[in-house]
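S.K.: compute the structure for the input listed below.
(chains A and B)
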Number of protein chains: 2
Amino acid sequence: MTFIEKLRARWRDANSLLCVGLDPDPAKFPDRFVNDEDALFAFCRDIADATAEYACAFKPQIAYFAAHNDGEAQLQRLIAHLNGAHPDVPVILDAKRGDIGSTAQQYAREAFERFGADAVTLNPYMGRDSADPFLQYNDRGCVFLCHTSNPGARDFQELMVDGAPLYQHIARTIAGEWNGDGNCALVVGATFPEELKVIRGLIGEMPLLIPGVGAQGGDVEAVVRNGKTADGTGLMINSSRGILYAARGEGYAEAAADAARSLRDQINRYR
Amino acid sequence: MTFIEKLRARWRDANSLLCVGLDPDPAKFPDRFVNDEDALFAFCRDIADATAEYACAFKPQIAYFAAHNDGEAQLQRLIAHLNGAHPDVPVILDAKRGDIGSTAQQYAREAFERFGADAVTLNPYMGRDSADPFLQYNDRGCVFLCHTSNPGARDFQELMVDGAPLYQHIARTIAGEWNGDGNCALVVGATFPEELKVIRGLIGEMPLLIPGVGAQGGDVEAVVRNGKTADGTGLMINSSRGILYAARGEGYAEAAADAARSLRDQINRYR
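M.R.: This next block holds a predicted model:
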């Protein structure tokens, strides 16, 4: 089963467009994880186990592991746990890689073979040959940055090229030229909901990964109404901090489950 | 001493603009490294020790480590060795990171604290707030992608924005707005030597990291003549495969030293 097939099945079976982002910051962990050498793994495992039934995808952010010695070993164990305990929930490794072809082959090996992710986020700035080594894993997903959720998205992504912003040109190129195997998706920030409608019009049914709801201020209703496909799917709406740190004490897992269920239900009201 | 000061001192003292790229691919290693669990570290150490006197910088490519279990531990040991044995040669971690601010903080910690690099390569697509956590380490270097050496550089980097290619707009923005602490540099591929002259005119004395000489086909003379600053420096001309795999047998370290000296001398003829 390919990433896209797994995602579509999960949208349907879990009745959810919610992506649970796993960005483990030890400074925000409950006290029980102080001095726990496996805290990155154990905290994310607990959150994932508590929220899986409400999730269409998990998205571990590799930077939060890579900042620590031994972080990659914990990320490996985490993804192995996710694949074992929640085999129906696709795992998107958020890594935003992008490099020349020979180096991109190494990064593809990192994401898909070493870590066993179903999909990976990628930066398209270096062009087609930087994407090919990932695209060639045609059972996996390639989720390209298009219009990101942060303030700096305005600096270059919105520069006008032939009368349209650069990010729209990138969306058209990926949808029209890079998606021959149907394994592409795009990152479009929830903080620019009007632009979501334009992008949906450019890319057909391609899935969108939407960061920026919650801590970054995106509007759920506008995101769903503007971004969904005709069948009311097409979206992976990510929440990381709002779920992970919903409560900081011993009830962290239950609070995360409540936050995930609540956001899933909020999303579903507008489908 | 900042990265830029260290680089300028090294250009002068080693009389070299050569950057030695460390992209360890076990399939190309000499036989002695078969079944060596520390081969990534040991091979790069041998190459670095043999070429250090000809190098203005070392550039380990993190993807070649990240493709392997335990790769990061070997990269840590390698950079610790470089910093200890060759303290005058700055180390640029080639990682091409780029993410929202909170995540970029984690990546900055990865590059500068965990791995102890003097500088890191970064992807500017996500804009200023994705760069700030790196820029704030004002003793370290931030080397931003501008016009890369691969064929896909044409796909988006050359799109026309207000009458000039996108990559020139990015060069102007970084030189004019992001370089307040003087710790920025740009990546410009050797495969587009004519464009180097334009970029040098836009950015003043800012250092340029130039990949694409050798295996990728860039022309050394055109690169030096078009890219150098008035004092005959300003460049880190990278060679990876041409040095690392100059010989595949037992004479690999001597062959690497010969290739490095030869390229350094070739570069110096045109300064």
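
S.K.: and the residue in the stretch 151-271 of chain A positioned nearest to chain B, how far is that from residue B:29?
M.R.: The stretch 151-271 of chain A approaches chain B most closely through residue A:152 (2.2 Å), counting by Cβ to the nearest Cβ. (Glycine included, C-beta is placed from N, CA and C.) Look at residue A:152 and residue B:29: by Cβ to Cβ, to the nearest Å, they are 40 Å apart.

S.K.: chain neighbours aside, what residue packs nearest to residue A:173?
M.R.: Among residues not flanking residue A:173 along the chain, residue B:155 sits closest, at 6.8 Å (Cβ to Cβ, 6 or more residues apart in numbering or on different chains).

S.K.: spit out the contact partners of that neighbour.
M.R.: Residues counted as contacts of residue B:155 (Cβ atoms under 8 Å, 6 or more residues apart in numbering or on different chains) are A:124, A:127, A:128, A:173.

S.K.: secondary structure class for it?
M.R.: Secondary structure state of residue B:155, per DSSP: H, G, I helix; E, B strand; the rest coil, is helix.

S.K.: can you check residue A:186 too?
M.R.: Here residue A:186 is recorded as strand under three-state DSSP.

S.K.: can you give me the helices in the stretch 51-200 of chain A?
M.R.: Assigned helices in the stretch 51-200 of chain A, in chain order: A:63-66, A:71-85, A:101-108, A:128-135, A:153-156, A:166-173, A:193-203 (criterion: DSSP state H, counting those that start in this stretch).

S.K.: please identify the deepest-packed of those.
M.R.: Among the helices of the stretch 51-200 of chain A, helix A:63-66 has the highest mean neighbour count (mean count of other Cβ atoms under 10 Å in any protein chain shown), at a mean of 25.

S.K.: which residues touch the most centrally placed residue in chain A?
M.R.: For chain A, residue A:59 is the residue whose C-alpha lies nearest the centre (Cα atoms, centre = their mean; 4.8 Å). Neighbour list for residue A:59: A:19, A:20, A:21, A:22, A:91, A:92, A:93, A:94, A:209, A:236, A:238, A:240 [criterion: Cβ under 8 Å, 6+ apart].

S.K.: ok, it to residue B:52 distance?
M.R.: 41 Å.

S.K.: quick one on the thing from earlier: turn the contacts of residue A:59 into TSV, columns for pLDDT, neighbour count and distance to residue A:188.
M.R.: Converted to TSV, those look like this (pLDDT from 0 to 100; neighbours: other Cβ atoms under 10 Å in any protein chain shown; distance: Cβ to Cβ, whole Å):
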residue	pLDDT	neighbour count	distance to residue A:188
A:19	98	25	13
A:20	98	30	18
A:21	98	23	15
A:22	98	26	20
A:91	99	24	20
A:92	99	27	14
A:93	98	26	19
A:94	98	26	15
A:209	98	26	8
A:236	98	28	11
A:238	97	30	11
A:240	96	27	16
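
S.K.: nearest to residue A:64, of the residues you listed?
M.R.: The closest of these to residue A:64 turns out to be residue A:22 (Cβ to Cβ; 7.9 Å).

S.K.: check contacts around the closest one.
M.R.: A:44, A:47, A:48, A:58, A:59, A:60, A:61, A:64, A:78, A:240, A:244.

S.K.: okay, and the beta partners of it?
M.R.: residue A:60 (DSSP bridges).

S.K.: longest helix in chain A, by residue count?
M.R.: For chain A, the longest helix by residue count, based on DSSP state H, is helix A:252-268.

S.K.: and that one, what's buried?
M.R.: Counting neighbours by 16 or more other Cβ atoms under 10 Å in any protein chain shown, one finds that the buried residues in helix A:252-268 are A:252, A:253, A:255, A:256, A:257, A:258, A:259, A:260, A:261, A:263, A:264, A:267.

S.K.: so can I have a markdown table of those showing pLDDT and distance to residue A:178?
M.R.: Formatted as a markdown table, the buried residues of helix A:252-268 follow (pLDDT from 0 to 100; distance: Cβ to Cβ, whole Å):
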| residue | pLDDT | distance to residue A:178 |
| --- | --- | --- |
| A:252 | 98 | 40 |
| A:253 | 98 | 39 |
| A:255 | 98 | 40 |
| A:256 | 98 | 35 |
| A:257 | 98 | 37 |
| A:258 | 98 | 39 |
| A:259 | 97 | 35 |
| A:260 | 97 | 32 |
| A:261 | 97 | 35 |
| A:263 | 96 | 31 |
| A:264 | 97 | 30 |
| A:267 | 97 | 28 |
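
S.K.: re earlier: what residues does the longest helix of chain A touch?
M.R.: A:15-18, A:20, A:30, A:46-47, A:49-51, A:54-55, A:213-214, A:220, A:224, A:235, A:237, A:239, A:242-247.

S.K.: then stretch A:68-79?
M.R.: Contacts to stretch A:68-79, defined as Cβ under 8 Å, 6+ apart, come from residues A:22, A:37-38, A:40-41, A:44-45, A:48, A:60, A:62, A:64-66, A:91, A:93, A:114-117, B:66, B:69, B:72-73, B:76, B:114.

S.K.: let's see that with 6 Å instead.
M.R.: The contact list for stretch A:68-79, computed with Cβ atoms under 6 Å, 6 or more residues apart in numbering or on different chains, reads A:40, A:41, A:44, A:65, A:91, A:115, A:116, B:72.

S.K.: just those residues now: which is nearest residue A:200?
M.R.: residue A:91 (24.7 Å).

S.K.: and that closest one, bridged to which residues?
M.R.: Counting by DSSP bridges, residue A:91 forms beta bridges with residue A:58.

S.K.: my read: it touches residue A:82, true?
M.R.: Yes - between residue A:91 and residue A:82 there is a contact at 5.3 Å, judged by Cβ atoms under 6 Å.

S.K.: which neighbours do those two share?
M.R.: With Cβ under 6 Å, 6+ apart, residue A:91 and residue A:82 have common neighbours residue A:58.

S.K.: need the residues of chain A near chain B, please.
M.R.: Residues of chain A lying close to chain B by Cβ under 6 Å from any Cβ of the partner chain are A:61, A:63-64, A:66-67, A:72, A:96, A:98-100, A:103, A:106-107, A:109-110, A:123, A:125-130, A:148, A:150-153, A:155, A:159, A:161.

S.K.: tally of neighbours for the closest residue to residue A:139 other than its chain neighbours?
M.R.: Closest residue to residue A:139 apart from its sequence neighbours, by Cβ to Cβ, 6+ apart: residue A:2 at 4.6 Å. Counted with other Cβ atoms under 10 Å in any protein chain shown, the neighbours of residue A:2 add up to 18.

S.K.: same check, this time on residue A:4
M.R.: 23.

S.K.: same deal with residue A:113?
M.R.: Neighbours of residue A:113 under the rule other Cβ under 10 Å: 11.

S.K.: ditto for the one 10 residues further on
M.R.: Here the count is done by other Cβ under 10 Å, and residue A:123 has 25 residues near it.

S.K.: just to check, it is in contact with residue A:96?
M.R.: Yes - counting by Cβ under 6 Å, residue A:96 is a contact partner of residue A:123 at 5.0 Å.

S.K.: overlap of the contact sets of those two?
M.R.: Both residue A:123 and residue A:96 are in contact with residue B:98, where contact means Cβ under 6 Å, 6+ apart.

S.K.: smallest gap between the stretch 1-150 of chain A and chain B, at which residue?
M.R.: Among all residues of the stretch 1-150 of chain A, residue A:127 sits closest to chain B, at 2.2 Å; criterion: Cβ to the nearest Cβ.
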